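In: Dropping a prediction and its sequence here:
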Amino acid sequence: MLLPMFLCSVKVCFGATFVFPCSVMMLPLYRKMGSLTLLVAVLLMVLGGSVMAAPPRRPVAVPFGRNYVPTWAFDHIKYYNGGSQIELYLDKYTGTGFQSKGNYLFGHFSMDIKLVPGDSAGVVSAFYLSSQNSEHDEIDFEFLGNRSGQPIILQTNVFTGGQGNREQRVYLWFDPTAAFHTYSILWNMYQIVFFVDDVPIRVFKNCKDLGVRFPFYQPMKLYSSLWNADDWATRGGLEKTDWSKAPFVAAYRGFHIDGCEASVEAKFCATQGKKWWDQKEFQDLDSFQYRRLQWVRQKYTVYNYCTDRSRYPTMPLECTRDKDV
């Protein structure tokens, strides 16, 4: 039997009035409870008994030249509004790219990107962190182009100690070619979180205690590039780049970096443990963030290495802790 629900109005300490849903079965209990006890109980019901983590701070938009420099094919980068926005161009001769001026050991990094519109099969846009040695660490956003009318795929990957093969692919819940959207990476000693417009789409937890390496000691630069990858990017290389649609153009703005800057040789930053992204509330997602992550996984996941038994007959150790399954 469904019990009728209505609004209860209760006076609590400091003269405040709290309004919340209740039913006739709850009223005798509420009458016996003191106001302070009732307030605590109601707050626990509202919060679901969980401690809230903090969302990342809002990125600070700065001009391109503040944090980045071009790396190749300088003539394929165009600047607008004093460098607050740039466009990368890909044609049949070359693509282009840029990198951060500094190296960073942990931090919060974001970019506003509007991806290549129309038929972009074979074209890849990337935004990622990478160290500069053979056993490199890497944290990747890669946007895989597609034929007209088909959605662009967002692939994420994490390399630790030179080992990758941790691909996850999702469709996005909007058209990433129609407007700018924010793609962010939060990286600290406890976790790596990939965000799209503040929605967490992937978590990679520190699982060193399980024997899984974590990007911990190697500073990384940030990179972005636009290039032709039609040998693998679209349907495993079956769809080739249509050069009659060139040039392919991706637009960027924001250029936010809030990280612990270090020399290439550094293995520890003086600010470690002192930045906002190092604090306790950023050691894990809260229940609301995990629900949003689960929503992405259930509705938009295209591929998850954690569930690929042809590649991994035994599930990789980090997958359960990352709540990837």
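Out: It's in. Numbers count the residues shown, from 1 in each chain.
In: For the residue nearest to S130 when sequence neighbours are not counted, grab the count of nearby residues.
Out: Distance criterion Cβ to Cβ, 6 or more residues apart in numbering; nearest residue to S130, sequence neighbours excluded, is E138 at 4.4 Å. For glycine as for every other residue, the C-beta is placed from the backbone atoms N, C-alpha and C. E138 is flanked by 18 other residues according to other Cβ atoms under 10 Å.
In: M189 contacts D278, correct?
Out: Yes - between M189 and D278 a contact is recorded at 7.3 Å, counting by Cβ atoms under 8 Å.
In: ok, so what distance separates the residue nearest to S130 from F127?
Out: 12 Å (Cβ to Cβ, to the nearest Å).
In: Report the secondary structure element holding R291.
Out: helix 287-300 (DSSP states H and E).
In: can you tell me the average pLDDT over that helix?
Out: Across helix 287-300, pLDDT averages out at 95.
In: ok now it, how far from the chain's centre?
Out: 13 Å (Cα atoms, centre = their mean, to the nearest Å).
In: from the chain's centre, how far out does the strand or helix carrying Y104 sit?
Out: Under the criterion of DSSP H and E, Y104 resides in strand 103-114. Offset of strand 103-114 from its chain centre (Cα atoms, centre = their mean): 10 Å.
In: next SSE after it?
Out: strand 123-130.
In: Just the C-alpha atoms of that following strand, please, in CSV.
Out: This file holds the C-alpha atoms of strand 123-130, laid out as CSV (Å, rounded to 0.1, in the frame of the first residue of the first chain):
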residue,chain,number,x,y,z
VAL,A,123,41.2,12.8,-37.6
VAL,A,124,42.3,12.8,-33.9
SER,A,125,42.4,15.7,-31.5
ALA,A,126,44.2,15.2,-28.3
PHE,A,127,44.7,16.9,-24.9
TYR,A,128,47.0,15.0,-22.6
LEU,A,129,49.8,15.0,-20.0
SER,A,130,53.0,13.0,-20.7
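In: Let the chain start at 671 from now.
Out: All set: I'll call the first residue 671, so the last point we hit is now strand 793-800.
In: and it, what does it pack onto?
Out: The elements that strand 793-800 packs onto, with contact taken as 3 or more Cβ pairs under 8 Å, 6 or more residues apart in numbering; DSSP states H and E, are strand 773-784, strand 808-814, strand 851-857, strand 891-898.
In: what are the phi and psi values for D912?
Out: Dihedral angles of D912 (phi, psi; degrees, to the nearest 10) stand at phi -90, psi 100.
In: and the gap between it and Q825?
Out: Counting by Cβ to Cβ, the gap from D912 to Q825 is 21 Å.
In: Please apply the same query to R883.
Out: 21 Å.
In: repeat for A724
Out: Taking Cβ to Cβ, one finds A724 at 28 Å from Q825.
In: So those two - more neighbours on which side?
Out: With neighbours defined as other Cβ under 10 Å, A724 and Q825 compare such that Q825 has more, 18 against 13.
In: Surely that one touches E812?
Out: Yes - Q825 is within contact range of E812, at 4.5 Å (criterion: Cβ under 8 Å).
In: Confirm for me that L785 is in contact with I822.
Out: Yes - using Cβ under 8 Å, L785 is in contact with I822, at 5.9 Å.
In: Give the residue from the two that has the larger number of neighbours.
Out: A direct count of neighbours by other Cβ under 10 Å for L785 and I822 places L785 higher, at 23 against 20.
In: Report the contact partners of that one.
Out: By Cβ atoms under 8 Å, 6 or more residues apart in numbering, L785 lies in contact with 795, 813, 822, 846-847, 920.
In: Give me the buried entries from these.
Out: Neighbour-count burial (16 or more other Cβ atoms under 10 Å) applied to those gives 795, 813, 822, 846-847, 920.
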